[in-house]
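*Asks:* Next one to model:
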Amino acid sequence: MTTAAAAEARPLSFMETLDPLVSFYRPSDASSSGLSGSVDHQPRLIIVASWTGARDVHIAKYIARYTALYPAAQILLLKSTTSHIMRPSLIGPSMKHAASVIRAAFQTPPSSSSPDLLIHMFSNGGSSSIANLYEQYAALAGPNDDKRLPLHVTIFDSCPGTYSISRAVVFFSVSLSPFQQLISAPIFYAWATLWSVSIALGLTPDWLSNWGKTHNDTGNVAEMRRVYIYSPSDALIDYKVVEAHAAEAQTKGFSVALERYEGSAHVAHVRKDVTRYWKIVERLMEGSEISA
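*Replies:* A predicted model of the protein is given here:
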C-alpha cells in the first residue's frame, strides 16, 4: 500500500491510541514555530468529542483544520459508539485515559488570560463523552486541586438533545437504505416506545437529559464562554431543546452565543458554510462578538 493510500485508509494514524475511544496528538516542536495570529489565542489543548459512529475520515477533517488554526495545540479525541450510548457504564473507564492527559497538560498554570482549553462536542455522543469526562477528571483531583476541567470555552455542535421516540428511530435508521428503513420502522418504533415507557416509569435513566444537565452545572464546569451551532433542519436534535438549554445556561451565569444555521443537517453545519463555521471557532477563542 502506498503512503498516500495508507493515509487515506487510516486518516487518524498520526494520533496515539490510548483507548478504543481516546486518541491523542502532540505536535512536534517544529509545529509551534511560525504561529499565525496572536499567541494569546492559541489553546494548549483541544478536546474533540465526536458524534456517535463518526467515521475517522470525517473526524480527520476537523482535526486537520484545528492543527492548521492552532499548530501548537495538543488534541485529544473522544469517540462515541452506539454500543457505548446503549451501555453508558462503558464510557467512564475510557474517559479515565482522557482525564489523565488533561491533568498532565495543565500541570503548569495558564500563561495568559485567554482560555488554554477548547472543548468541541458533537451531538449526544460528544455530550456523553464530556459528561463522563467531568466525573473522571474530578476523581483524579488531589486535596488542593480544582475538580472542574481547566478554564475553557465550549462549542456545542448539534447538541445537547433529549429523548423522543421519533428521533430515536431516526438515530437507529440513519445508516440504512430507504427500503431497510421501511422494513425496520415497526421494530424501531416498538423498541423506542418501550424505552420511552421505561424512562417514564423510572426503570431506565434518562441519559440524554442527564448528560445535558451536567453541562449547565457550575459544579462541573469552569467556563469562560460557549457557543451553540445548530439548525431547525436537524432531524436528530430538536433545535428548541438546544435553545432551551442555552437559555438555562444564561440564567446560571454562563456566557452564551447562539449560531443558528438554516437548512443544514445534523453535524453538517460546517458543510453549509465552512467559512462562517471556522470563524465562529476563532471568535470564540478570541472572545470577540461571534455573530456578524
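
*Asks:* OK, contacts around the spatially closest residue to residue 209 that is not a sequence neighbour?
*Replies:* Excluding the flanking residues, the one nearest residue 209 by Cβ to Cβ, 6 or more residues apart in numbering is residue 162, at 5.3 Å. C-beta coordinates here come from the backbone N, C-alpha and C atoms, glycine included. Listed by Cβ atoms under 8 Å, 6 or more residues apart in numbering, the contact partners of residue 162 are 206, 208-209, 212, 238, 241.

*Asks:* among those residues, which two are most distant?
*Replies:* Spatial extent of the contacts of residue 162 (Cβ to Cβ) is set by the pair 206 and 238 at 14.7 Å.

*Asks:* what are the ranges of the helices in the stretch 1-150 of the chain?
*Replies:* Taking DSSP state H, counting those that start in this stretch, the helices of the stretch 1-150 of the chain run over residues 3-9, 56-69, 82-86, 91-105, 123-139.

*Asks:* And the spatially most central residue of the chain, how far from residue 203?
*Replies:* In the chain, the centroid-proximal residue (Cα atoms, centre = their mean) is residue 121; its distance is 1.3 Å. Distance, residue 121 to residue 203, using Cβ to Cβ, to the nearest Å: 28 Å.

*Asks:* dump the residue contacts of residue 60.
*Replies:* Contacts for residue 60 (Cβ under 8 Å, 6+ apart) come out as 11-12.

*Asks:* Distance check, it against residue 23.
*Replies:* The spacing between residue 60 and residue 23, counted by Cβ to Cβ, is 11 Å.

*Asks:* Name the residues contacting each of these two.
*Replies:* Common contact partners of residue 60 and residue 23 (Cβ under 8 Å, 6+ apart): residue 12.

*Asks:* Across the sheet, point out what pairs with residue 17.
*Replies:* Residue 17 has these beta-bridge partners by DSSP bridges: residue 23.

*Asks:* three-state assignment of the residue nearest to residue 209?
*Replies:* coil (DSSP: H, G, I helix; E, B strand; the rest coil).

*Asks:* any idea which of the helices of the stretch 1-150 of the chain is most buried?
*Replies:* A comparison of these by mean neighbour count, using mean count of other Cβ atoms under 10 Å, puts helix 123-139 on top with a mean of 24.

*Asks:* Please name every helix or strand in contact with that one.
*Replies:* Packing partners of helix 123-139 (3 or more Cβ pairs under 8 Å, 6 or more residues apart in numbering; DSSP states H and E): strand 45-52, strand 74-80, helix 82-86, helix 91-105, strand 117-122, strand 152-157, helix 207-214.

*Asks:* which of these has the lowest average pLDDT?
*Replies:* Lowest mean pLDDT within the helices and strands packed on helix 123-139: helix 82-86, a mean of 90.

*Asks:* So which elements touch that one?
*Replies:* So helix 82-86, by 3+ Cβ pairs under 8 Å, 6+ apart, packs with strand 45-52, helix 123-139.

*Asks:* Could you dump these into TSV with distance to residue 275 added?
*Replies:* Converted to TSV, these look like this (distance: least, Cβ to Cβ, whole Å):
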stretch	distance to residue 275
strand 45-52	20
helix 123-139	23
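
*Asks:* does residue 228 have beta-bridge partners, and which?
*Replies:* Beta-bridge partners, per DSSP bridges, of residue 228: residue 156, residue 258.

*Asks:* which ones are touching it?
*Replies:* Residue 228 sits next to 156, 242-243, 245-246, 256-259 when contact means Cβ under 8 Å, 6+ apart.

*Asks:* Quick check: it vs residue 57, distance?
*Replies:* In terms of Cβ to Cβ, residue 228 sits 26 Å off from residue 57.

*Asks:* Residues contacting stretch 194-210, please?
*Replies:* Residues from elsewhere that reach stretch 194-210, judged by Cβ under 8 Å, 6+ apart: 85, 88, 124, 127-128, 131, 160-165, 168.
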